[in-house]
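**Q** kindly generate the corresponding structure for this input.
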Amino acid sequence: MPPPFNVMLSSAGHRVALMNCFREALTTLKLDGELLAVDLSRYSSAYQLADRSWTVPRATAPEFIPRMLEICEREAVSLLVPTIDVEAETLSANREAFTKIGTHVMISAPEVIRIASDKVLTHKWLSEEGLDTPRQGSVADVLSAPADWSYPLIAKPVNGSCSIGVEVVHNAEELSHASRDEAYIVQSIAPGVEYTVSVYANRGGQALCAVPRERLEVRNGEVFKARAVRNAAIEELACRVINRLPGASGVLNVQIFHDAKTGELNIIEINPRFGGGYPLAWHAGARYPQWLIEELRGLPSSASANGWTGGMVMLRYDDAVFVPAGAVQS
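**A** Take a look at the predicted model:
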């Protein structure tokens, strides 16, 4: 009988829907295994709804990796799934240490993380690869050559995520004010509709499926309403991005604007992790957690670029986990 396939979500937070996708994948594949969680605080919904959970230091703390290795080895974790950007660099750099204890970390190579985590490097890489992306410059570039830029523009932190700190600026004064506290880049506004494209790549770096999600409503940088859309041009471009990245694997997101009138496509960002809206792709038929487990277990792959259907809509809503006094997992 094969050993259990235990899956752990790191920085589990409120990623209950993602956890349930992995639960269903294990059931479909008839595999024994538990859904485990770690987080900075035990007061998180996914932490409480996991089969077992542990608190860990911040991902930036020197104790983080030793603590994670200790838990993963002791609990025989087969697959570790990061969920936030701040973990990506340290987990990618330590992938081999986890592999030695039998834990596969669903994270791309360090070079992918380096490119994706810095918007200056992302733009440089996209441009060098001949991939369409909006014009970009530093705040100084724009302020020193006002005749070369047309407002409004997008200003965003170089190392930002989840749309934190992103602003639309309408003049030089607003730009100066927006960028006063940290390093910012400035982009021209891409025309059309924004899509978050969830891409699944196998361990060899081949993109096997891409699901564009039209962002219908976003709150605090996270999608709350979205629609899965079949669009061959968007899907092909997202897969091309992942195929060209040096060491991409697992699940990544590519942010793309598409102008339906002209067909123009512009790549905005790359995020090397599950996005908060991924469960929409799962329910549309793109079962990435199942495909990950199949690949790691050496099972026949059911991965397919065309096994999902467009038109599925996700409408997220507020819910709560209620824990009796004294029953909070510690």
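**Q** where does the protein have low pLDDT?
**A** Along the chain, the model assigns pLDDT under 70 to residues 1, 159-165, 178-182, 329-330.
**Q** one more time with 90, if that's ok
**A** Where the chain drops to pLDDT under 90, the residues are 1-3, 137-151, 154-185, 218-223, 317-321, 323-330.
**Q** can you give me the helices for it?
**A** Assigned by DSSP state H, the chain shows helices spanning 16-28, 45-49, 64-74, 85-93, 95-100, 110-117, 119-128, 139-144, 172-178, 232-244, 278-284, 288-297.
**Q** most tightly surrounded among these?
**A** Of all those, helix 278-284 carries the top mean neighbour count, a mean of 24, counting by mean count of other CB atoms under 10 Å. The C-beta positions use only the backbone N, C-alpha and C, and glycine is treated the same way.
**Q** how far is that one from where the chain is centred?
**A** Its chain's average C-alpha position is 14 Å from that of helix 278-284, according to CA atoms, centre = their mean, to the nearest Å.
**Q** and for it, what are the contacting residues?
**A** For helix 278-284, contacts defined as CB atoms under 8 Å, 6 or more residues apart in numbering pick out 17-18, 20-21, 198, 211, 213, 226-228, 251, 288-289, 308-310, 312-314.
**Q** what's the closest of the helices of the chain to residue 37?
**A** Of all those, helix 45-49 sits nearest to residue 37, with 5.0 Å by CB to CB.
**Q** circling back: tell me which of the helices of the chain lies nearest to residue 192.
**A** For those, proximity to residue 192 was assessed by CB to CB; helix 232-244 is nearest, at 10.4 Å.
**Q** packing partners for that closest one?
**A** Secondary-structure packing of helix 232-244 (3 or more CB pairs under 8 Å, 6 or more residues apart in numbering; DSSP states H and E): strand 193-201, strand 207-219, strand 250-258, strand 265-271.
**Q** who wins for proximity to residue 10 among the ones you listed?
**A** Comparing these by CB to CB, strand 250-258 comes nearest, at 13.2 Å.
**Q** okay, now the sheet partners of the closest one, with direction.
**A** strand 193-201 (antiparallel), strand 265-271 (antiparallel) (DSSP bridges).
**Q** distance between the shortest one and the chain's centre?
**A** Put plainly, it is strand 265-271. 13 Å.
**Q** give me the residues contacting that strand.
**A** With CB under 8 Å, 6+ apart, strand 265-271 has contacts from 85, 112, 115-116, 119, 122, 126, 131-134, 161, 187, 190-192, 194, 233-234, 237, 241, 245, 252-259.
**Q** ok, stretch 108-119 next?
**A** Residues outside stretch 108-119 that contact it (CB under 8 Å, 6+ apart) are 85, 88-89, 92-93, 107, 121-122, 125, 136, 156-160, 185, 245-250, 252, 269-272.
**Q** for it, output the C-alpha coordinates as CSV.
**A** Only the C-alpha atoms of stretch 108-119 are listed here, as CSV (Å, rounded to 0.1, in the frame of the first residue of the first chain):
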residue,chain,number,x,y,z
SER,A,108,9.8,27.7,-9.4
ALA,A,109,13.6,28.1,-9.7
PRO,A,110,15.3,31.0,-7.9
GLU,A,111,15.8,32.9,-11.2
VAL,A,112,12.0,32.8,-11.9
ILE,A,113,11.4,34.3,-8.4
ARG,A,114,14.1,36.9,-9.0
ILE,A,115,12.5,38.0,-12.2
ALA,A,116,8.9,37.9,-10.9
SER,A,117,9.5,39.7,-7.6
ASP,A,118,11.1,42.8,-9.1
LYS,A,119,9.0,44.8,-11.5
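**Q** and the gap between the residue nearest the centre of the chain and residue 114?
**A** Centroid check for the chain by CA atoms, centre = their mean gives residue 273 as the closest residue, at 2.9 Å. Distance of residue 273 to residue 114, computed by CB to CB, to the nearest Å: 15 Å.
**Q** count the neighbours of the closest residue to residue 223 other than its chain neighbours for me.
**A** The spatially closest residue to residue 223, leaving aside those adjacent along the chain, is residue 277, at 4.0 Å (CB to CB, 6 or more residues apart in numbering). A count of neighbours around residue 277, defined by other CB atoms under 10 Å, yields 23.
**Q** against residue 216, how distant is residue 277?
**A** Where residue 216 is concerned, residue 277 sits at a distance of 10 Å (CB to CB).
**Q** cool, residue 56 as well?
**A** 34 Å.
**Q** between these two, who's got more neighbours?
**A** residue 56 (20 against 14).
**Q** before we move on, the earlier item: what subset of the contacts of stretch 108-119 is buried?
**A** 85, 88-89, 92, 107, 122, 125, 136, 156-158, 160, 185, 245, 247-250, 252, 269-272 (16 or more other CB atoms under 10 Å).
**Q** shared neighbours of residue 277 and residue 216, anything?
**A** 223, 226.
**Q** doesn't residue 185 make contact with residue 137?
**A** Yes. Assessed by CB atoms under 8 Å, residue 137 is found in contact with residue 185 at 7.1 Å.
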